[in-house]
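Participant: Got a predicted model here, sequence first, then my questions.
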Amino acid sequence: MDQPGACAGMAETLAESKTETRLDTPWNVVVHNDPVNLMSYVTMVFQKVFGYSREKAQTHMLEVHYRGRSIVWSGVRERAEFYVQQLHGYLLLATLEKPE
Amino acid sequence: MLIRRLNDDSIEFADIEPVEAELLRQVSVIGEAHGDAGAEARLFSAPAAPSETQFLKDWEEYVRPELRHLFLAARKVVEEDVSTLSAKAGRFSRMVFPLSHGEAWLSALNQARLILAAKFDFADAELALHEVPKTLTKRGLVLLQINFYAAIQERVIEALQGEDDGYDAVDVG
């Protein structure tokens, strides 16, 4: 008699688990190349916003410059939204993206 | 024009020629007077794919006004700093502003460069060329103006990062 209930409970648990997985999926903060922002400026912004070392910031800057884009940060959505906002405040072309 | 960091707390622009002073005065004006769809689109670029409808809606409602306020505040700082320049023609001017204004200068200069580049629809290749145009058309002069502002940005970044020891001034123009 309690089987249907148990099944329903399991389905609910599975559904919750799926939702949790979706929420936990890291979101990417992507910076795109633009010809106006200076390389030194972009490096400085990455250091300020993410607290990266100059070397790490330069690596991302060069990836933006030569490949057109760089995933500069990945993690929980709320934090990613915050970083995108910060980068727009520095006039960088930044987007929030779902990982493929 | 020479730009250098003074001590630990200020940045100096010295030997400013009248034409350079005029270009400095234009930094905040360009940002205020854009009203150009392309420039507006660049200053307030999309933060996500169109499928992120709710996020984009919230962004328009809450974040975009904040960004507009932030950009305006930076231009105001620059406008006030520049207002200390001598208006007398034929004289070199000088201005000193706190190091804490450095980020506002970077923002206002960036706004001006982005707006000019969008308004005049410069191609990437044109912006990458740091040469004096062969013929001084309006477009060529604007490109020079963009590059002049870029040179100032570079010096301000160096000053902010403490790379200038306060004695070796850098000539930008």
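Facilitator: Good, I have the coordinates. Numbers count the residues shown, from 1 in each chain, chains lettered A, B, ... in the order given.

Participant: all contacts plus neighbour counts: C-alpha atoms, from now on.
Facilitator: OK.

Participant: where does stretch A:67-81 sit relative to the chain's centre, distance-wise?
Facilitator: The chain centroid and the centroid of stretch A:67-81 are separated by 2 Å under CA atoms, centre = their mean, to the nearest Å.

Participant: Tell me which residue is most central in the chain.
Facilitator: Looking at chain A here, since you left the chain open. The structure's chain A has its C-alpha centroid closest to A:N28; by CA atoms, centre = their mean the separation is 2.4 Å.

Participant: Hmm, no, I was thinking of chain B.
Facilitator: Using CA atoms, centre = their mean, the residue of chain B that lies closest to the mean C-alpha position is B:L109, 0.7 Å off.

Participant: Help me confirm that that one comes into contact with B:F148.
Facilitator: No - with contact defined as CA atoms under 8 Å, B:L109 does not reach B:F148; the gap is 9.8 Å.

Participant: who in chain B is up against chain A?
Facilitator: Remark: the part of chain B in contact with chain A comprises B:43-49, B:63, B:67, B:70-71, B:107, B:110-111, B:113-114, B:117, B:124, B:127-128, B:150, B:153-154, B:157, using CA under 8 Å from any CA of the partner chain.

Participant: Can you classify A:V31 by secondary structure?
Facilitator: Following DSSP: H, G, I helix; E, B strand; the rest coil, the label given to A:V31 is strand.

Participant: Who are the contact partners of it?
Facilitator: Under the criterion of CA atoms under 8 Å, 6 or more residues apart in numbering or on different chains, the contact partners of A:V31 comprise A:V64, A:R69, A:S70, A:I71, A:V72, A:L92, A:L93, A:A94, A:T95.

Participant: mind putting the residues you listed in CSV, pLDDT, distance to A:L38 and neighbour count included?
Facilitator: As requested, the contacts of A:V31 are exported to CSV (pLDDT from 0 to 100; distance: CA to CA, whole Å; neighbours: other CA atoms under 10 Å in any protein chain shown):
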residue, pLDDT, distance to A:L38, neighbour count
A:V64, 97, 12, 21
A:R69, 97, 15, 19
A:S70, 98, 16, 21
A:I71, 98, 18, 19
A:V72, 98, 17, 20
A:L92, 98, 10, 25
A:L93, 97, 13, 21
A:A94, 98, 15, 26
A:T95, 98, 19, 24
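
Participant: re the thing from before, what distance do you get for the residue nearest to the centre of chain B to B:M1?
Facilitator: In this structure, B:L109 lies at 16 Å from B:M1, with CA to CA, to the nearest Å as the measure.

Participant: Just give me the neighbour total for the residue in chain B that chain A sits nearest to.
Facilitator: Relative to chain A, the nearest point of chain B is B:P47 (4.4 Å; CA to the nearest CA). For B:P47, the count of nearby residues is 22 (other CA atoms under 10 Å in any protein chain shown).

Participant: In space, what's closest to it - neighbours in sequence excluded?
Facilitator: Nearest non-adjacent residue to B:P47, counting by CA to CA, 6 or more residues apart in numbering or on different chains: A:T95, 4.4 Å away.

Participant: what does the helix or strand that contains the one you found rub up against?
Facilitator: A:T95 belongs to strand A:93-97 when assigned by DSSP states H and E. With CA under 8 Å, 6+ apart as the test, strand A:93-97 has contacts from A:27-34, A:80-81, A:84, A:87-88, B:45-49.

Participant: what's the answer for stretch B:68-88, then?
Facilitator: Residues beyond stretch B:68-88 that count as contacts (CA under 8 Å, 6+ apart) turn out to be A:89, B:21, B:24-25, B:27-28, B:31-32, B:93-97, B:101, B:103-105, B:107-108, B:111.
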